[in-house]
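S.K.: Based on what follows, work out the 3D shape:
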Amino acid sequence: MSVIDPSLRFPQCARVLTHDEIRAELIRQVDAKMFTQKALADHLGVAPARVKEVLLGKRRIQQDEMPAVAKWLGLEARGNAPATEVNRSIAMPVSLPSLDALTDMFVSLLEQVDVDPHEGERAEKLARSFPGVLQAALLRQAGWDGDTLSNLAKLPHVGDEDRSLP
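M.R.: Prediction:
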């Protein structure tokens with residue numbers, strides 16, 4: 001059973017530039033002689049040979065270098081935002097732990113704050129609602145309106161095998 005509607009899985013994340021997009025723009029700008037390989041290498045604090053290896057496809061741009069390279073190239077990361085706001089997160093589907101694993105996690109957390117996790121099945125209720133609450137938080141953070149969020153109550157919770165996604 002999928003808890004997160006596949007059509008909603010990625011819209012909550014800002015668009016992230018890929019390695020191939022950054023590399024293609026790097027090649028274009030170097031070919032256009034907009035800067036030298038040495039200038040970029042100096043900016044990144046790497047040997048010029050590393051930049052040449054990226055251009056030849058023998059080395060990938062390292063994850064920690066991508067924001068600096070994107071900024072150097074003037075690439076936009078989100079909408080019309082300047083490259084200084086390059087998103088450092090990666091969007092990917094996530095598989096949540098089982099109901100039992102989530103329940104165990106909430107039992108442990110509640111015990112740490114001296115709350116009885118078994119009273120009223122408190123830990124299990126938290127575990128069942130966690131995926132929907134997490135999705136709502138991500139959607140709200142992405143700026144989704146209240147009408148859209150109110151429809152999240154229709155989404156299934158962990159263990160609700162008989163409920164299907166709207």
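
S.K.: Can you find the helix or strand of this protein with the lowest average pLDDT?
M.R.: The helix or strand with the lowest mean pLDDT-type score in the chain, counting by mean pLDDT, DSSP states H and E, is helix 146-150 (a mean of 56).

S.K.: Based on its surroundings, how many neighbours for residue 60?
M.R.: 13 (other C-beta atoms under 10 Å). C-beta coordinates here come from the backbone N, C-alpha and C atoms, glycine included.

S.K.: count of residues packed around residue 56?
M.R.: Other residues within reach of residue 56, judged by other C-beta under 10 Å, total 9.

S.K.: how near is it to residue 39?
M.R.: According to C-beta to C-beta, to the nearest Å, residue 56 stands 18 Å off from residue 39.

S.K.: can you give me the helices for the chain?
M.R.: 19-31, 37-44, 48-56, 66-73, 99-112, 122-141, 146-150 (DSSP state H).

S.K.: tell me the mean pLDDT for the fourth one?
M.R.: It refers to helix 66-73. Per-region confidence: helix 66-73 scores 87 on mean pLDDT.

S.K.: what's that helix packed up against?
M.R.: In terms of contact count using 3 or more C-beta pairs under 8 Å, 6 or more residues apart in numbering; DSSP states H and E, helix 66-73 is assigned the packing partners helix 19-31, helix 37-44.

S.K.: With mean pLDDT and distance to residue 104 as extra columns, can I get those helices in a markdown table?
M.R.: Putting the helices and strands packed on helix 66-73 into a markdown table (pLDDT from 0 to 100; distance: least, C-beta to C-beta, whole Å) gives the following:
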| stretch | mean pLDDT | distance to residue 104 |
| --- | --- | --- |
| helix 19-31 | 90 | 38 |
| helix 37-44 | 90 | 44 |
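
S.K.: so which of these comes closest to residue 66?
M.R.: Each of the helices and strands packed on helix 66-73 was checked against residue 66 via C-beta to C-beta, and the shortest separation belongs to helix 19-31, namely 6.1 Å.
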